[in-house]
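Novice: curious how this folds, go ahead:
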Amino acid sequence: MTAHPPGVELIRRLRVMGRLVRRMTKRPGTAPGTPVHTGRRRVEQLHLHRITYDEGSIDERHADAVDPVFPFETGPVRTWLNVDGLHDVELLRDLASRIGLHPLALEDVVSIGQRPKAEEYDHQLYIVVRMLAYDDATKELTEEQISIVLGEGYVVSFQEDVGDVWDPVRERLRSGRTTIRRLGADYLAYSLIDAIVDGYFAVLEKLGDRMESLENTMLEEARRDTIAEVHHIKRELLLMRRAVWPARDLLNSLIRDGSPLIADGTRVFLRDAYDHAVQVIDTVETLRDLASGIIDLYLSTASNRMNEVMKVLTVIATTFIPVTFLAGVWGMNFQYMPELRQPWAYPAVLLLMGATIVALLFWFRRKGWF
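Specialist: Reported below is the predicted structural model:
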């Protein structure tokens with residue numbers, strides 16, 4: 001594993017902190033309901049994709065302006081309008097006026113960093129969720145704010161960038177006589193939310209695999225770059241936790257609040273999505289505990305390794321203390337030391353020093369100190 005330079009690790013930490021702590025660019029004192037885009041521009045131009053369907057037919061239309069996708073058809077026909085990009089506030093203001101979107105809801109649509117929630121405005125239900133994905137190249141989570149507006153017979157979704165987890169939903173709409181084609185717009189809104197929640201499991205699977213690999217590496221050899229990677233994953237899990245916990249509360253409110261836009265039959269499916277969200281939260285907490293355990297394992301391993309080093313150094317130092325004492329005794333310059341003039345004195349002292357070392361090592365061994 002390649003160690004990251006200190007500068008790179010600092011940049012990664014600051015990037016995570018930037019995703020956890022959102023800075024509002026809206027000017028203080030601005031009138032409520034004033035739409036101001038607070039995120040970064042992710043697409044060059046807004047793209048609109050409209051799907052109009054009923055049980056027996058489906059029609060799709062792509063556009064870069066509002067006029068080609070309006071007006072919405074009424075009756076048994078349901079409409080799903082998806083908007084990619086949030087930076088063109090004027091276009092979104094025009095779209096909001098055509099569907100009767102409340103100004104406060106439009107303000108939340110373009111204000112990035114909203115907490116997952118559900119708010120009811122007269123004849124519409126406004127829902128915010130966060131879509132997550134795992135970037136294999138950077139080994140980081142990518143998050144995106146998703147806004148869903150549920151009305152009578154239509155759903156309008158807003159996302160920051162092109163690409164999402166809704167391709168299976170689109171395929172189900174195109175495939176023919178499926179449940180989603182027979183039921184109302186509320187079931188379509190549920191399907192979009194459920195696809196986002198199911199996407200959390202794919203992210204958790206990759207984070208779990210990465211955590212397991214790091215744990216095996218830590219058991220083989222405790223390295224600082226490994227523990228830095230564990231800290232990074234722990235911060236990513238914190239980011240995911242901030243997205244999933246409010247999503248659970250959001251689903252609970254959709255089940256219990258009794259909005260007239262959501263049929264009783266759809267609430268049964270929402271309960272299933274709620275169970276999935278709870279499973280995701282349990283897995284996130286498990287991975288966070290595992291990360292903390294790996295960190296504790298690293299600290300324990302490092303401490304044990306330091307203890308082993310100190311024990312060896314202590315044995316060496318303790319062994320040579322009496323030898324140093326003997327050398328000091330016969331190194332004194334007193335005139336009357338009769339053994340200094342004996343021919344056997346030098347080998348006798350060496351023999352005494354060697355015997356002292358052997359005796360100490362034997363004693364340490366019996367004590368189990370090494």
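
Novice: got any ranges where the stretch 51-200 of the chain has weak pLDDT?
Specialist: Within the stretch 51-200 of the chain, no stretch has pLDDT under 70.

Novice: would you map the helices across it?
Specialist: Remark: helices assigned in the stretch 51-200 of the chain by DSSP state H, counting those that start in this stretch are 89-99, 103-110, 167-174, 179-182, 185-220.

Novice: so the residue positioned nearest the centre of the chain, which state does it fall into?
Specialist: Taking CA atoms, centre = their mean, the centroid of the chain lies closest to residue 236, which sits 2.9 Å from it. Under DSSP: H, G, I helix; E, B strand; the rest coil, residue 236 falls in the helix class.

Novice: unless I'm mixing things up, it is touching residue 207, no?
Specialist: Yes - counting by CB atoms under 8 Å, residue 236 does reach residue 207; the two are 6.7 Å apart. Every residue, glycine included, has its C-beta placed from N, CA and C.

Novice: residue 76 reaches residue 53, doesn't it?
Specialist: No - Residue 76 is beyond contact range of residue 53, at 10.0 Å (criterion: CB under 8 Å).

Novice: do you know how far the spatially closest residue to residue 360 that is not a sequence neighbour is from residue 62?
Specialist: Leaving aside its sequence neighbours, residue 360 sits nearest to residue 319 (CB to CB, 6 or more residues apart in numbering; 5.1 Å). The spacing between residue 319 and residue 62, counted by CB to CB, to the nearest Å, is 83 Å.

Novice: okay, the two: which has more neighbours?
Specialist: Counted by other CB atoms under 10 Å, residue 319 and residue 62 do not tie: residue 319 has more neighbours, with 17 against 10.

Novice: who's in contact with the more buried one?
Specialist: By CB atoms under 8 Å, 6 or more residues apart in numbering, the contact list for residue 319 reads 357, 360-361.

Novice: quick check on it: phi, psi?
Specialist: phi -70, psi -40 (degrees, to the nearest 10).

Novice: domain-wise, how is this structure divided?
Specialist: 35-300, 308-367 (automatic domain parsing).

Novice: I'd like the mean pLDDT over the last one, please.
Specialist: Regarding domain 308-367, the rounded mean pLDDT is 84.

Novice: what's the span of that domain from first residue to last?
Specialist: 16 Å (CA to CA, to the nearest Å).

Novice: do the same with the first one
Specialist: For domain 35-300, the separation between the terminal residues is 52 Å (CA to CA).

Novice: so what's residue 148 closest to, chain neighbours aside?
Specialist: That would be residue 127: by CB to CB, 6+ apart, it lies 4.3 Å from residue 148.

Novice: am I right that that neighbour is in contact with residue 155?
Specialist: No - using CB under 8 Å, residue 127 is not in contact with residue 155; the gap is 9.7 Å.

Novice: coming back round to it: so between residue 76 and residue 53, which is more surrounded?
Specialist: Neighbour tally, residue 76 and residue 53, criterion other CB under 10 Å: the higher count belongs to residue 53, 19 against 10.

Novice: hang on, the earlier thing: give me whichever of the domains of the chain is most buried.
Specialist: Across those, the average number of neighbours (mean count of other CB atoms under 10 Å) peaks for domain 35-300, which reaches a mean of 17.

Novice: from residue 80, how far off is the nearest residue to residue 179 once chain neighbours are set aside?
Specialist: Leaving out its chain neighbours, the residue that sits closest to residue 179 by CB to CB, 6+ apart is residue 187, at 7.2 Å. Counting by CB to CB, the separation of residue 187 from residue 80 is 11 Å.

Novice: same thing with residue 160?
Specialist: Taking CB to CB, one finds residue 160 at 18 Å from residue 80.

Novice: what's near enough to touch residue 290?
Specialist: Residue 290 makes contact with 211, 215 under the criterion CB under 8 Å, 6+ apart.

Novice: cutoff 10 Å now
Specialist: 208, 211-212, 214-215, 230, 233-234, 237 (CB atoms under 10 Å, 6 or more residues apart in numbering).

Novice: tabulate those residues (TSV), appending distance to residue 72 and pLDDT.
Specialist: Shown next, in TSV, are the contacts of residue 290 (distance: CB to CB, whole Å; pLDDT from 0 to 100):
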residue	distance to residue 72	pLDDT
208	42	89
211	46	86
212	48	85
214	50	81
215	52	79
230	50	84
233	44	88
234	46	88
237	41	90
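
Novice: using TSV, please lay out those together with distance to residue 198.
Specialist: TSV is the format used below for the contacts of residue 290 (distance: CB to CB, whole Å):
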residue	distance to residue 198
208	16
211	21
212	22
214	26
215	26
230	27
233	21
234	24
237	18
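
Novice: so which of those residues would you say is closest to residue 141?
Specialist: Proximity of the contacts of residue 290 to residue 141 (CB to CB) peaks at residue 237, which lies at 8.8 Å.

Novice: that closest one is in contact with residue 204, isn't it?
Specialist: Yes - the pair residue 237 / residue 204 is scored as a contact, 9.0 Å apart, by CB atoms under 10 Å.

Novice: which neighbours do those two share?
Specialist: 211, 244, 283-284, 286-287.

Novice: what about stretch 328-347, distance to the chain center?
Specialist: 74 Å (CA atoms, centre = their mean, to the nearest Å).
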